[in-house]
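S.K.: Sequence and predicted structure below; questions after.
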Amino acid sequence: MLQLGKVYTLQVIEFADFGVYLGASPSASDAERVLLPRRHVPEGAAIGDSLRVFLYLDSEDRPVATTRMPTATVGQFAFLPVVDRNAVGAFLDWGLEKDLLVPFMEQHRPMEEGRSYLVYIYVDKVHSRIVASSKIDKFLDDDKPHRFNTGQPVDLIIANSTDLGFKAIVNHSHWGVLHSADVSQRLSFGQSIKGYIRHVRPDGRIDLSLRPAVEVVDEHGAVIVAYLKKQGGFAPVHDKSSPEDIFRVFGISKAAFKKSIGRLYKQGVIDLRPDGIQLCTEA
């Protein structure tokens, strides 16, 4: 069954004066077909051709297909500009002819024309139409199980800043945190960026990184080795030291420090002592 707000690759089944009908197969029933209006039909299209289309409602709330792709689809978050307001709500530009409605009840705070907002796109079950909401917290559940693994590449949307750093939406499904010590570039609200799973805590909370784990560990390891060389080969900091002491000395988080010294130890670069870390002579 075809669903609103999703992208499909469908076959051209039948031509009509006002466009072509598409379906998943030539035998698709009338209920399983969708109209692609004439203005979106590629020149030279023929029966049996496959077209990549997005399903939504036209200005008369009829299901139709379009070859234009929106900024985001149902089930995703996006940072979109308000282009109009009326008695129903605010309307966002999401790349299609028909703008995306954010009902007043789904606005975290009143939206203003000309400004952009982070929203979640979904199908309103009451009216069966695609709408958006800026009340993003209700669509992200930290208690929902996930299968993210350390080092896994992910898509991030920067949501807001915290005392720890930045909260980001991970793969349109969960909250994650980018710690300030691990961010070396300017980030802005609503920015989409590639990232990596740095660590999954026992409670399921997610720590993020903007660089692959090995690259980060290597860079942090270089910082630690450079400091040890300046200090005669020894630093009275170890895995039991406080996060504050570690950050004061090396400028990195305790988790990053422990991972780096573990790697340096396995490589034979340092020795781990009860009172600190010691640079090996051959290093």
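M.R.: Received it, and whenever you're ready, just let me know what you need.

S.K.: what's the offset of the lengthiest helix in the chain from the middle of its chain?
M.R.: Secondary structure of the chain read by DSSP state H shows that its longest helix is helix 213-230. Remark: helix 213-230 is offset 29 Å from the chain centroid, using Cα atoms, centre = their mean, to the nearest Å.

S.K.: what separates R186 from L101, distance-wise?
M.R.: Distance, R186 to L101, using Cβ to Cβ, to the nearest Å: 32 Å. Where C-beta positions appear, they are placed from N, C-alpha and C, glycine not excepted.

S.K.: And the two? Which one has more around it.
M.R.: L101 (19 against 6; other Cβ atoms under 10 Å).

S.K.: Secondary structure element for the more buried one, which one?
M.R.: strand 100-103 (DSSP states H and E).

S.K.: what sits against the residue nearest to S242 when sequence neighbours are not counted?
M.R.: Nearest residue to S242 in three dimensions, chain neighbours excluded: K254, at 7.8 Å (Cβ to Cβ, 6 or more residues apart in numbering). Contacts for K254 (Cβ atoms under 8 Å, 6 or more residues apart in numbering) come out as S241, S242, P243, I246, F247.

S.K.: Most neighbours out of those residues, which is it?
M.R.: Result: I246 is most packed of the contacts of K254 (other Cβ under 10 Å), 21 neighbours.

S.K.: after the longest helix of the chain, next one along is what?
M.R.: Remark: after helix 213-230, the chain's next helix or strand is strand 234-235, criterion DSSP H and E.

S.K.: just checking, what packs against that following strand?
M.R.: Using 3 or more Cβ pairs under 8 Å, 6 or more residues apart in numbering; DSSP states H and E as the contact test, the elements touching strand 234-235 are helix 213-230, strand 276-279.

S.K.: 10 Å - rerun?
M.R.: helix 213-230, strand 270-273, strand 276-279 (3 or more Cβ pairs under 10 Å, 6 or more residues apart in numbering; DSSP states H and E).
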